[in-house]
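Novice: what's the 3D shape of this:
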Amino acid sequence: MESPRTQIVTLPQGQLIGTLEKGIAAWRGIPYAAPPTGEGRWRAPRPAQAWQGVRVADSAGPSCWQDAESCREVGGGDPGQFSEDCLYLNVWAPQPHAAPLPVMVWLHGGGFTIGAGSLPPYDGGALAARGAVLVTVNYRLGHLGFFAHPALQGEDSLGQTCNFGLLDQIAALEWVRDNIAHFGGDPENVTLFGESAGARSVLSLLASPLAGGLFHKAVVQSAYTLADVSLDKALIQGVAVAQHFGLEDASADQLRALPAQAFSRLTSPLSIGPAPICGDRVLPEPMLDVFFAARQHPMPVLIGSNSDEASVMSVFGVDLEQQIQRMRRESRVGLGLIKMLYPGGRGDLELGRQVCRDMAFTTMGFVVMQAQQRLGQPCWRYWFDYVCEAEHATYPNGAWHGNEVVYVFDNLQRTPPANEYANARDIAFAGQVADYWAAFARYRAGDEPLLPGVVPWPASVRGADRLLRLGINSGVGFKIEKRFMRTRMALFKRVMKHHVSLD
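Specialist: Reported below is the predicted structural model:
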(Lines give C-alpha, C1' and ligand atoms only; values in the text may rest on other atoms or scores of the structure.)
Protein backbone atom coordinates (compact mmCIF):
# COMPACT_ATOMS: atom_id res chain seq x y z
CA MET A 1 0.00 0.00 0.00
CA GLU A 2 1.41 3.38 -1.02
CA SER A 3 2.25 5.79 1.82
CA PRO A 4 0.17 8.97 2.00
CA ARG A 5 1.86 12.06 0.59
CA THR A 6 2.81 15.35 2.20
CA GLN A 7 1.76 18.72 0.92
CA ILE A 8 3.95 20.07 -1.86
CA VAL A 9 6.97 22.07 -0.68
CA THR A 10 8.29 24.72 -3.07
CA LEU A 11 12.06 25.32 -3.04
CA PRO A 12 14.15 27.57 -5.32
CA GLN A 13 15.17 24.44 -7.30
CA GLY A 14 11.63 23.11 -7.70
CA GLN A 15 8.74 21.42 -5.95
CA LEU A 16 8.94 18.43 -3.59
CA ILE A 17 6.46 15.96 -2.22
CA GLY A 18 7.29 13.48 0.53
CA THR A 19 5.57 10.77 2.53
CA LEU A 20 3.65 10.75 5.80
CA GLU A 21 4.66 8.07 8.31
CA LYS A 22 2.76 7.96 11.63
CA GLY A 23 2.29 11.71 11.76
CA ILE A 24 5.84 12.47 10.63
CA ALA A 25 6.53 13.92 7.20
CA ALA A 26 9.66 12.58 5.50
CA TRP A 27 11.42 13.85 2.38
CA ARG A 28 14.27 11.66 1.21
CA GLY A 29 16.92 12.11 -1.43
CA ILE A 30 16.85 15.92 -1.71
CA PRO A 31 19.85 17.23 -3.68
CA TYR A 32 21.58 19.97 -1.68
CA ALA A 33 24.34 20.52 -4.25
CA ALA A 34 25.10 19.66 -7.85
CA PRO A 35 26.65 16.24 -8.58
CA PRO A 36 30.42 16.44 -7.84
CA THR A 37 31.26 14.49 -10.98
CA GLY A 38 33.49 15.12 -14.00
CA GLU A 39 35.07 18.54 -13.57
CA GLY A 40 33.26 18.75 -10.23
CA ARG A 41 35.42 16.02 -8.67
CA TRP A 42 37.78 17.54 -6.08
CA ARG A 43 36.12 20.91 -6.30
CA ALA A 44 33.90 22.80 -3.88
CA PRO A 45 30.22 21.80 -4.17
CA ARG A 46 28.14 23.91 -6.52
CA PRO A 47 24.47 24.90 -6.05
CA ALA A 48 21.88 22.21 -6.68
CA GLN A 49 20.36 22.15 -10.14
CA ALA A 50 16.69 22.94 -10.75
CA TRP A 51 14.23 20.23 -11.74
CA GLN A 52 10.96 20.24 -13.64
CA GLY A 53 7.63 19.23 -12.18
CA VAL A 54 7.09 17.83 -8.69
CA ARG A 55 9.98 15.72 -7.40
CA VAL A 56 8.79 12.69 -5.42
CA ALA A 57 11.17 12.57 -2.43
CA ASP A 58 10.33 9.10 -1.14
CA SER A 59 13.70 7.31 -1.46
CA ALA A 60 17.23 8.09 -0.34
CA GLY A 61 19.82 9.33 -2.80
CA PRO A 62 22.92 7.27 -3.62
CA SER A 63 25.74 7.00 -1.10
CA CYS A 64 29.35 7.82 -1.91
CA TRP A 65 31.47 4.93 -3.19
CA GLN A 66 32.69 2.76 -0.29
CA ASP A 67 33.20 -0.79 0.95
CA ALA A 68 29.62 -2.05 1.29
CA GLU A 69 30.58 -5.09 3.37
CA SER A 70 32.40 -2.93 5.93
CA CYS A 71 29.42 -0.62 6.19
CA ARG A 72 27.03 -3.52 6.76
CA GLU A 73 29.34 -5.02 9.40
CA VAL A 74 30.38 -1.96 11.41
CA GLY A 75 28.87 1.13 9.77
CA GLY A 76 25.20 0.81 10.66
CA GLY A 77 23.69 -1.21 7.81
CA ASP A 78 23.35 -1.43 4.05
CA PRO A 79 24.41 1.86 2.41
CA GLY A 80 22.42 1.06 -0.74
CA GLN A 81 23.30 2.29 -4.20
CA PHE A 82 26.69 3.96 -4.79
CA SER A 83 27.49 6.90 -7.02
CA GLU A 84 29.89 9.80 -7.21
CA ASP A 85 26.65 11.80 -7.50
CA CYS A 86 25.96 11.50 -3.76
CA LEU A 87 25.20 14.95 -2.31
CA TYR A 88 21.70 14.30 -0.96
CA LEU A 89 19.98 14.83 2.37
CA ASN A 90 16.83 13.66 4.13
CA VAL A 91 14.35 15.66 6.23
CA TRP A 92 11.80 14.61 8.86
CA ALA A 93 9.26 16.98 10.46
CA PRO A 94 6.19 16.44 12.67
CA GLN A 95 2.80 17.07 11.07
CA PRO A 96 1.03 19.22 12.00
CA HIS A 97 3.45 21.49 13.87
CA ALA A 98 3.74 24.97 15.25
CA ALA A 99 6.64 26.45 13.31
CA PRO A 100 9.39 27.28 13.69
CA LEU A 101 10.88 24.15 15.24
CA PRO A 102 14.49 23.55 16.33
CA VAL A 103 16.59 21.88 13.64
CA MET A 104 18.96 18.96 14.17
CA VAL A 105 21.48 18.15 11.40
CA TRP A 106 23.17 14.73 11.63
CA LEU A 107 26.61 13.88 10.22
CA HIS A 108 27.17 10.11 10.08
CA GLY A 109 30.31 8.33 11.18
CA GLY A 110 32.38 5.67 9.46
CA GLY A 111 36.00 6.83 9.55
CA PHE A 112 35.34 9.20 6.62
CA THR A 113 35.27 6.10 4.38
CA ILE A 114 31.90 4.40 4.94
CA GLY A 115 28.35 5.34 5.90
CA ALA A 116 25.30 7.25 4.69
CA GLY A 117 22.64 9.51 6.14
CA SER A 118 19.95 7.03 5.17
CA LEU A 119 21.09 4.08 7.34
CA PRO A 120 18.43 2.57 9.66
CA PRO A 121 19.88 3.86 12.96
CA TYR A 122 19.54 7.45 11.68
CA ASP A 123 15.83 7.41 10.87
CA GLY A 124 14.70 10.80 12.14
CA GLY A 125 11.08 9.98 12.91
CA ALA A 126 11.36 9.52 16.69
CA LEU A 127 13.39 12.70 17.26
CA ALA A 128 11.06 14.65 14.96
CA ALA A 129 8.13 13.43 17.08
CA ARG A 130 9.77 15.27 19.99
CA GLY A 131 9.28 18.57 18.19
CA ALA A 132 12.30 18.98 15.92
CA VAL A 133 13.08 19.01 12.22
CA LEU A 134 15.70 16.33 11.52
CA VAL A 135 18.18 16.43 8.64
CA THR A 136 20.64 13.64 7.76
CA VAL A 137 23.38 14.25 5.21
CA ASN A 138 25.50 12.32 2.71
CA TYR A 139 28.95 13.73 2.00
CA ARG A 140 31.94 12.67 -0.09
CA LEU A 141 34.02 9.90 1.48
CA GLY A 142 37.49 8.44 1.12
CA HIS A 143 39.75 9.94 -1.52
CA LEU A 144 36.76 11.54 -3.24
CA GLY A 145 36.20 13.60 -0.10
CA PHE A 146 39.69 14.07 1.33
CA PHE A 147 42.51 14.27 -1.21
CA ALA A 148 45.54 16.35 -2.05
CA HIS A 149 47.80 16.17 -5.11
CA PRO A 150 50.22 18.71 -6.62
CA ALA A 151 48.21 18.73 -9.86
CA LEU A 152 45.15 19.99 -7.99
CA GLN A 153 46.91 22.79 -6.13
CA GLY A 154 45.95 26.26 -7.26
CA GLU A 155 42.67 25.16 -8.90
CA ASP A 156 40.51 26.83 -6.26
CA SER A 157 40.71 30.60 -6.56
CA LEU A 158 39.73 30.90 -2.90
CA GLY A 159 42.75 28.91 -1.71
CA GLN A 160 44.11 25.40 -1.20
CA THR A 161 41.29 22.88 -0.81
CA CYS A 162 41.59 19.24 0.29
CA ASN A 163 38.65 18.64 2.66
CA PHE A 164 35.91 18.33 0.06
CA GLY A 165 33.78 16.21 2.41
CA LEU A 166 33.81 19.02 4.99
CA LEU A 167 32.89 21.50 2.25
CA ASP A 168 29.92 19.25 1.44
CA GLN A 169 28.81 19.43 5.06
CA ILE A 170 29.13 23.23 4.97
CA ALA A 171 27.06 23.29 1.77
CA ALA A 172 24.39 21.16 3.49
CA LEU A 173 24.30 23.65 6.38
CA GLU A 174 23.93 26.50 3.88
CA TRP A 175 21.04 24.59 2.30
CA VAL A 176 19.46 24.25 5.76
CA ARG A 177 19.89 27.97 6.41
CA ASP A 178 18.22 28.85 3.10
CA ASN A 179 15.49 26.20 2.93
CA ILE A 180 14.62 24.61 6.26
CA ALA A 181 11.86 27.13 7.02
CA HIS A 182 9.87 25.53 4.17
CA PHE A 183 9.77 22.34 6.28
CA GLY A 184 8.83 24.10 9.53
CA GLY A 185 12.38 24.47 10.88
CA ASP A 186 13.97 27.51 12.51
CA PRO A 187 17.17 28.48 10.63
CA GLU A 188 18.24 30.45 13.71
CA ASN A 189 18.25 27.35 15.92
CA VAL A 190 20.34 24.65 14.25
CA THR A 191 22.07 21.91 16.25
CA LEU A 192 24.82 20.04 14.39
CA PHE A 193 25.44 16.55 15.76
CA GLY A 194 27.44 13.52 14.76
CA GLU A 195 29.20 10.38 15.95
CA SER A 196 32.78 9.15 15.42
CA ALA A 197 33.92 10.66 12.09
CA GLY A 198 30.69 12.65 12.18
CA ALA A 199 31.73 13.98 15.59
CA ARG A 200 35.20 14.78 14.25
CA SER A 201 33.42 16.65 11.47
CA VAL A 202 31.47 18.67 14.04
CA LEU A 203 34.72 19.55 15.85
CA SER A 204 36.36 20.44 12.53
CA LEU A 205 33.50 22.77 11.62
CA LEU A 206 33.67 24.33 15.08
CA ALA A 207 37.31 25.08 14.20
CA SER A 208 36.77 26.07 10.54
CA PRO A 209 36.59 29.75 9.58
CA LEU A 210 34.19 28.77 6.77
CA ALA A 211 31.45 27.41 9.07
CA GLY A 212 30.87 30.39 11.33
CA GLY A 213 27.19 31.26 11.81
CA LEU A 214 25.87 28.15 10.04
CA PHE A 215 24.92 26.32 13.24
CA HIS A 216 24.24 27.41 16.79
CA LYS A 217 24.84 24.33 18.99
CA ALA A 218 26.94 21.22 18.63
CA VAL A 219 26.71 17.60 19.84
CA VAL A 220 29.92 15.55 19.70
CA GLN A 221 29.49 11.78 20.19
CA SER A 222 32.63 9.66 20.55
CA ALA A 223 35.08 11.95 18.80
CA TYR A 224 38.68 10.72 18.89
CA THR A 225 41.88 12.60 19.65
CA LEU A 226 43.80 11.30 16.61
CA ALA A 227 45.68 14.18 15.00
CA ASP A 228 44.60 15.65 11.66
CA VAL A 229 46.63 14.67 8.60
CA SER A 230 49.13 17.35 7.59
CA LEU A 231 48.88 18.77 4.09
CA ASP A 232 52.46 17.69 3.34
CA LYS A 233 51.65 14.09 4.26
CA ALA A 234 48.41 14.19 2.25
CA LEU A 235 50.28 15.44 -0.84
CA ILE A 236 52.81 12.61 -0.55
CA GLN A 237 50.01 10.07 -0.28
CA GLY A 238 48.18 11.64 -3.22
CA VAL A 239 51.26 11.16 -5.42
CA ALA A 240 51.54 7.54 -4.24
CA VAL A 241 47.87 6.93 -5.09
CA ALA A 242 48.37 8.34 -8.59
CA GLN A 243 51.47 6.16 -9.07
CA HIS A 244 49.46 3.12 -7.97
CA PHE A 245 47.17 3.81 -10.92
CA GLY A 246 50.17 4.15 -13.26
CA LEU A 247 50.22 7.96 -13.30
CA GLU A 248 53.82 8.97 -12.56
CA ASP A 249 53.36 12.67 -13.30
CA ALA A 250 49.59 12.92 -13.11
CA SER A 251 47.59 15.83 -14.45
CA ALA A 252 44.30 16.94 -12.94
CA ASP A 253 42.47 15.64 -16.02
CA GLN A 254 44.08 12.21 -15.69
CA LEU A 255 43.16 12.01 -12.02
CA ARG A 256 39.56 12.98 -12.75
CA ALA A 257 39.37 10.33 -15.47
CA LEU A 258 40.01 7.53 -12.96
CA PRO A 259 36.88 5.51 -12.08
CA ALA A 260 35.31 6.73 -8.85
CA GLN A 261 34.87 3.20 -7.53
CA ALA A 262 38.59 2.46 -7.87
CA PHE A 263 39.46 4.64 -4.86
CA SER A 264 37.23 2.73 -2.44
CA ARG A 265 39.20 -0.48 -3.19
CA LEU A 266 42.52 0.94 -2.00
CA THR A 267 44.02 -0.54 1.15
CA SER A 268 46.65 0.68 3.60
CA PRO A 269 48.95 2.56 3.18
CA LEU A 270 47.05 4.10 0.25
CA SER A 271 43.67 4.30 2.01
CA ILE A 272 42.87 7.47 3.95
CA GLY A 273 42.94 7.63 7.75
CA PRO A 274 39.95 8.61 9.90
CA ALA A 275 40.90 12.28 10.15
CA PRO A 276 40.60 15.38 7.94
CA ILE A 277 43.55 17.22 6.38
CA CYS A 278 44.85 20.36 8.08
CA GLY A 279 46.47 23.16 6.14
CA ASP A 280 43.80 24.08 3.59
CA ARG A 281 41.22 26.87 3.63
CA VAL A 282 38.64 24.65 5.35
CA LEU A 283 40.91 23.64 8.22
CA PRO A 284 43.87 26.05 8.22
CA GLU A 285 45.27 24.70 11.49
CA PRO A 286 44.88 21.43 13.39
CA MET A 287 41.53 21.08 15.12
CA LEU A 288 43.17 20.07 18.39
CA ASP A 289 45.30 23.23 18.38
CA VAL A 290 42.16 25.34 17.98
CA PHE A 291 40.55 23.74 21.04
CA PHE A 292 43.72 23.85 23.12
CA ALA A 293 43.74 27.60 22.45
CA ALA A 294 39.93 27.91 22.93
CA ARG A 295 39.46 29.56 19.53
CA GLN A 296 36.46 27.45 18.44
CA HIS A 297 33.21 29.10 17.34
CA PRO A 298 31.44 30.09 20.57
CA MET A 299 28.24 28.10 21.17
CA PRO A 300 26.78 25.54 23.60
CA VAL A 301 28.25 22.04 23.20
CA LEU A 302 27.14 18.58 24.36
CA ILE A 303 29.94 16.00 24.25
CA GLY A 304 30.68 12.51 25.51
CA SER A 305 31.83 8.99 24.78
CA ASN A 306 31.12 5.35 25.61
CA SER A 307 32.45 2.95 28.23
CA ASP A 308 34.10 0.54 25.75
CA GLU A 309 35.31 2.80 22.95
CA ALA A 310 38.40 0.59 22.60
CA SER A 311 36.12 -1.83 20.77
CA VAL A 312 36.67 0.10 17.53
CA MET A 313 40.45 0.05 17.67
CA SER A 314 40.79 -3.47 16.32
CA VAL A 315 39.18 -2.20 13.09
CA PHE A 316 42.29 -0.05 12.65
CA GLY A 317 44.70 -2.80 13.68
CA VAL A 318 45.48 -1.48 17.18
CA ASP A 319 46.56 -4.25 19.60
CA LEU A 320 45.42 -3.06 23.04
CA GLU A 321 47.65 -5.41 25.00
CA GLN A 322 50.63 -4.46 22.87
CA GLN A 323 50.14 -0.78 23.72
CA ILE A 324 50.85 -1.50 27.40
CA GLN A 325 53.81 -3.68 26.46
CA ARG A 326 55.22 -0.79 24.40
CA MET A 327 54.81 1.52 27.38
CA ARG A 328 56.75 -0.99 29.45
CA ARG A 329 59.57 -1.20 26.88
CA GLU A 330 59.78 2.48 26.05
CA SER A 331 58.83 4.01 29.42
CA ARG A 332 56.20 6.06 27.61
CA VAL A 333 53.97 8.21 29.83
CA GLY A 334 55.03 6.24 32.92
CA LEU A 335 53.55 2.79 33.39
CA GLY A 336 53.76 3.07 37.17
CA LEU A 337 51.61 6.19 37.11
CA ILE A 338 49.18 4.52 34.70
CA LYS A 339 48.74 1.53 37.03
CA MET A 340 48.18 3.86 39.96
CA LEU A 341 45.42 5.62 37.99
CA TYR A 342 43.82 2.28 37.02
CA PRO A 343 43.83 0.20 40.22
CA GLY A 344 42.55 -3.35 39.99
CA GLY A 345 43.31 -3.76 36.29
CA ARG A 346 43.58 -7.47 35.46
CA GLY A 347 46.46 -7.86 33.04
CA ASP A 348 47.77 -5.87 30.10
CA LEU A 349 44.71 -6.44 27.89
CA GLU A 350 42.25 -4.91 30.36
CA LEU A 351 44.67 -2.10 31.23
CA GLY A 352 45.22 -1.43 27.53
CA ARG A 353 41.47 -1.37 26.91
CA GLN A 354 40.92 1.33 29.51
CA VAL A 355 44.03 3.41 28.81
CA CYS A 356 43.48 3.45 25.02
CA ARG A 357 39.79 4.27 25.51
CA ASP A 358 40.54 7.23 27.73
CA MET A 359 43.52 8.61 25.85
CA ALA A 360 41.88 8.32 22.43
CA PHE A 361 38.24 9.13 23.32
CA THR A 362 37.32 10.14 26.88
CA THR A 363 39.92 12.92 27.01
CA MET A 364 38.34 14.71 24.05
CA GLY A 365 35.34 15.62 26.17
CA PHE A 366 37.63 17.01 28.89
CA VAL A 367 39.58 19.12 26.36
CA VAL A 368 36.39 20.54 24.86
CA MET A 369 34.88 21.21 28.30
CA GLN A 370 37.92 23.25 29.32
CA ALA A 371 37.89 25.15 26.00
CA GLN A 372 34.19 25.91 26.48
CA GLN A 373 34.82 27.17 30.02
CA ARG A 374 37.51 29.53 28.74
CA LEU A 375 35.00 30.98 26.27
CA GLY A 376 32.25 31.22 28.88
CA GLN A 377 30.07 28.76 26.95
CA PRO A 378 28.13 25.87 28.55
CA CYS A 379 29.27 22.30 27.97
CA TRP A 380 27.18 19.24 28.80
CA ARG A 381 29.30 16.09 29.21
CA TYR A 382 28.09 12.48 29.29
CA TRP A 383 29.44 8.95 29.72
CA PHE A 384 27.32 6.31 27.96
CA ASP A 385 27.42 2.93 29.68
CA TYR A 386 24.23 1.06 28.79
CA VAL A 387 23.91 -2.30 27.06
CA CYS A 388 20.63 -3.94 26.02
CA GLU A 389 19.81 -6.57 28.63
CA ALA A 390 19.91 -9.35 26.04
CA GLU A 391 23.42 -8.26 24.94
CA HIS A 392 25.30 -8.25 28.24
CA ALA A 393 27.25 -11.37 27.29
CA THR A 394 28.05 -9.90 23.87
CA TYR A 395 29.37 -6.63 25.32
CA PRO A 396 30.95 -7.64 28.66
CA ASN A 397 33.13 -4.51 28.85
CA GLY A 398 30.37 -1.95 28.34
CA ALA A 399 28.95 0.07 25.47
CA TRP A 400 30.88 -0.27 22.22
CA HIS A 401 31.84 2.56 19.94
CA GLY A 402 28.63 3.63 18.19
CA ASN A 403 26.24 1.75 20.48
CA GLU A 404 24.67 4.97 21.77
CA VAL A 405 23.41 6.09 18.35
CA VAL A 406 20.18 4.06 18.30
CA TYR A 407 19.41 5.38 21.80
CA VAL A 408 19.99 8.99 20.79
CA PHE A 409 17.61 8.51 17.84
CA ASP A 410 15.26 6.30 19.93
CA ASN A 411 15.47 3.70 17.18
CA LEU A 412 15.95 0.44 19.07
CA GLN A 413 12.62 -0.80 17.72
CA ARG A 414 13.50 0.17 14.14
CA THR A 415 17.09 -1.06 13.88
CA PRO A 416 18.12 -4.70 13.44
CA PRO A 417 19.19 -6.76 15.27
CA ALA A 418 18.18 -4.83 18.42
CA ASN A 419 14.56 -4.66 17.29
CA GLU A 420 14.38 -8.43 17.74
CA TYR A 421 15.40 -8.54 21.42
CA ALA A 422 15.05 -5.05 22.96
CA ASN A 423 12.73 -5.26 25.98
CA ALA A 424 10.53 -2.65 27.62
CA ARG A 425 13.32 -1.39 29.91
CA ASP A 426 15.73 -0.99 26.97
CA ILE A 427 13.11 0.89 24.97
CA ALA A 428 12.19 3.16 27.89
CA PHE A 429 15.87 3.99 28.47
CA ALA A 430 16.35 4.88 24.80
CA GLY A 431 13.40 7.25 24.98
CA GLN A 432 14.90 8.98 28.01
CA VAL A 433 18.26 9.46 26.26
CA ALA A 434 16.56 10.88 23.17
CA ASP A 435 14.62 13.28 25.40
CA TYR A 436 17.91 14.83 26.57
CA TRP A 437 19.10 15.37 22.99
CA ALA A 438 15.78 16.96 22.02
CA ALA A 439 15.98 19.19 25.11
CA PHE A 440 19.43 20.36 24.02
CA ALA A 441 18.03 21.17 20.57
CA ARG A 442 15.40 23.37 22.25
CA TYR A 443 17.96 25.12 24.49
CA ARG A 444 18.72 28.74 23.61
CA ALA A 445 21.43 31.09 24.79
CA GLY A 446 20.26 32.81 27.95
CA ASP A 447 18.26 29.82 29.20
CA GLU A 448 19.29 28.25 32.49
CA PRO A 449 22.07 25.74 31.56
CA LEU A 450 20.09 22.76 32.85
CA LEU A 451 18.54 20.12 30.58
CA PRO A 452 15.31 18.51 31.84
CA GLY A 453 15.14 14.74 32.09
CA VAL A 454 15.01 11.80 34.50
CA VAL A 455 17.87 13.56 36.30
CA PRO A 456 18.21 17.31 35.62
CA TRP A 457 21.47 17.67 33.67
CA PRO A 458 23.55 20.74 34.54
CA ALA A 459 26.18 22.06 32.15
CA SER A 460 29.83 22.31 33.07
CA VAL A 461 30.30 26.05 33.27
CA ARG A 462 33.33 27.96 34.50
CA GLY A 463 34.53 26.39 37.75
CA ALA A 464 32.26 23.31 37.50
CA ASP A 465 33.35 19.93 36.12
CA ARG A 466 30.17 17.83 35.84
CA LEU A 467 29.12 14.82 33.78
CA LEU A 468 25.94 12.76 33.39
CA ARG A 469 26.32 9.01 33.40
CA LEU A 470 23.82 7.53 30.94
CA GLY A 471 23.63 3.98 32.24
CA ILE A 472 25.41 2.58 35.29
CA ASN A 473 27.56 -0.55 34.87
CA SER A 474 25.70 -1.40 31.63
CA GLY A 475 22.30 -1.12 33.34
CA VAL A 476 19.55 1.47 33.64
CA GLY A 477 20.52 4.53 35.62
CA PHE A 478 21.34 8.23 35.44
CA LYS A 479 23.80 9.94 37.76
CA ILE A 480 25.61 13.28 37.92
CA GLU A 481 29.35 12.87 38.58
CA LYS A 482 31.74 15.65 39.59
CA ARG A 483 35.37 15.70 38.40
CA PHE A 484 34.84 12.45 36.45
CA MET A 485 38.26 10.77 35.84
CA ARG A 486 39.79 14.22 36.41
CA THR A 487 43.34 13.05 37.20
CA ARG A 488 43.45 10.67 34.22
CA MET A 489 42.10 13.34 31.91
CA ALA A 490 44.63 15.94 33.05
CA LEU A 491 47.47 13.50 32.34
CA PHE A 492 46.22 12.37 28.96
CA LYS A 493 45.52 15.92 27.83
CA ARG A 494 49.24 16.63 28.22
CA VAL A 495 50.41 13.60 26.26
CA MET A 496 47.65 12.66 23.82
CA LYS A 497 48.99 14.68 20.86
CA HIS A 498 52.23 12.72 21.07
CA HIS A 499 50.86 9.27 21.86
CA VAL A 500 47.58 8.85 19.96
CA SER A 501 48.28 7.44 16.50
CA LEU A 502 47.47 4.45 14.36
CA ASP A 503 51.14 3.42 14.15
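Novice: Looks to me like residue 393 is in a strand.
Specialist: No - in this structure, residue 393 is coil, not part of a strand, as judged by DSSP: H, G, I helix; E, B strand; the rest coil.
Novice: how far away is it from residue 108?
Specialist: 28 Å (C-beta to C-beta, to the nearest Å). Where C-beta positions appear, they are placed from N, C-alpha and C, glycine not excepted.
Novice: ditto for residue 391
Specialist: 22 Å.
Novice: between the two, which one's more packed in?
Specialist: Neighbours per residue, other C-beta atoms under 10 Å: of residue 391 and residue 108, the larger number sits with residue 108, 28 against 18.
Novice: Now for the more buried one: which residues touch it?
Specialist: By C-beta atoms under 8 Å, 6 or more residues apart in numbering, the contact set of residue 108 is 76, 115-117, 119, 122, 136-137, 194-195, 197-198.
Novice: got the residue ranges for the helices in the stretch 401-503 of the chain?
Specialist: 405-408, 418-421, 424-442, 486-499 (DSSP state H, counting those that start in this stretch).
Novice: Mind putting those helices into CSV with mean neighbour count?
Specialist: Putting those into CSV (neighbours: other C-beta atoms under 10 Å) gives the following:
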stretch, mean neighbour count
helix 405-408, 26
helix 418-421, 14
helix 424-442, 19
helix 486-499, 16
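Novice: want to try a markdown table for these, with mean pLDDT and distance to residue 269 as columns?
Specialist: Below are those laid out as a markdown table (pLDDT from 0 to 100; distance: least, C-beta to C-beta, whole Å):
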| stretch | mean pLDDT | distance to residue 269 |
| --- | --- | --- |
| helix 405-408 | 98 | 30 |
| helix 418-421 | 87 | 36 |
| helix 424-442 | 97 | 38 |
| helix 486-499 | 85 | 21 |
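Novice: just for this protein, where's the confidence low?
Specialist: 1-2, 330-334, 345, 499, 502-503 (pLDDT under 70).
Novice: what's around the closest residue to residue 279 other than its chain neighbours, how many residues?
Specialist: Once flanking residues are discounted, residue 279 sits nearest to residue 231: 3.1 Å by C-beta to C-beta, 6 or more residues apart in numbering. Per other C-beta under 10 Å, the neighbour tally for residue 231 reads 18.
Novice: give the contact list for residue 231.
Specialist: Counted by C-beta under 8 Å, 6+ apart, residue 231 has contacts 148, 160, 162, 277-280.
Novice: would you turn those residues into JSON lines with neighbour count and secondary structure?
Specialist: Compiled in JSON lines, the contacts of residue 231 are given as follows (neighbours: other C-beta atoms under 10 Å; DSSP: H, G, I helix; E, B strand; the rest coil):
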{"residue": "148", "neighbour count": "27", "secondary structure": "coil"}
{"residue": "160", "neighbour count": "17", "secondary structure": "coil"}
{"residue": "162", "neighbour count": "29", "secondary structure": "coil"}
{"residue": "277", "neighbour count": "28", "secondary structure": "strand"}
{"residue": "278", "neighbour count": "25", "secondary structure": "strand"}
{"residue": "279", "neighbour count": "21", "secondary structure": "coil"}
{"residue": "280", "neighbour count": "22", "secondary structure": "coil"}
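Novice: remind me, longest strand of the protein?
Specialist: If you go by DSSP state E, the chain has its longest strand at strand 466-482.
Novice: Next, the contact list for the closest residue in space to residue 141 that isn't next to it in sequence, please.
Specialist: With sequence-adjacent residues excluded and distances taken as C-beta to C-beta, 6+ apart, residue 141 is closest to residue 64, at 4.2 Å. Taking C-beta under 8 Å, 6+ apart, we find residue 64 in contact with 82-84, 86, 116, 138-142, 144-145.
Novice: switch to 7 Å and redo it
Specialist: 86, 138, 140-141, 144-145 (C-beta atoms under 7 Å, 6 or more residues apart in numbering).
Novice: Now do the strands in the stretch 51-200 of the chain.
Specialist: Assigned by DSSP state E, counting those that start in this stretch, the stretch 51-200 of the chain shows strands spanning 54-56, 88-94, 101-107, 133-137, 185-195.
Novice: ok, and which of the ones you listed has the densest surroundings?
Specialist: strand 133-137 (a mean of 28; mean count of other C-beta atoms under 10 Å).
Novice: What angle do helix 424-442 and the longest strand of the chain make with each other?
Specialist: 120 degrees (axes from the mean of the first three to the mean of the last three C-alpha atoms, to 10 degrees).
Novice: which residues are in contact with strand 466-482?
Specialist: Residues outside strand 466-482 that contact it (C-beta under 7 Å, 6+ apart): 381-387, 392, 398-399, 425, 429, 433, 454-455, 457-458, 460, 465, 484.
Novice: Recalculate using a threshold of 8 Å.
Specialist: 304, 307, 365, 380-387, 389, 392, 395, 398-399, 404, 407, 425, 429, 432-433, 436, 453-455, 457-460, 464-465, 484.
Novice: and those residues, which are buried?
Specialist: 304, 307, 365, 380-387, 389, 395, 398-399, 404, 407, 429, 432-433, 436, 453-455, 457-460, 465, 484 (16 or more other C-beta atoms under 10 Å).
Novice: So which residue is dead centre in the chain?
Specialist: residue 198 (1.5 Å; C-alpha atoms, centre = their mean).
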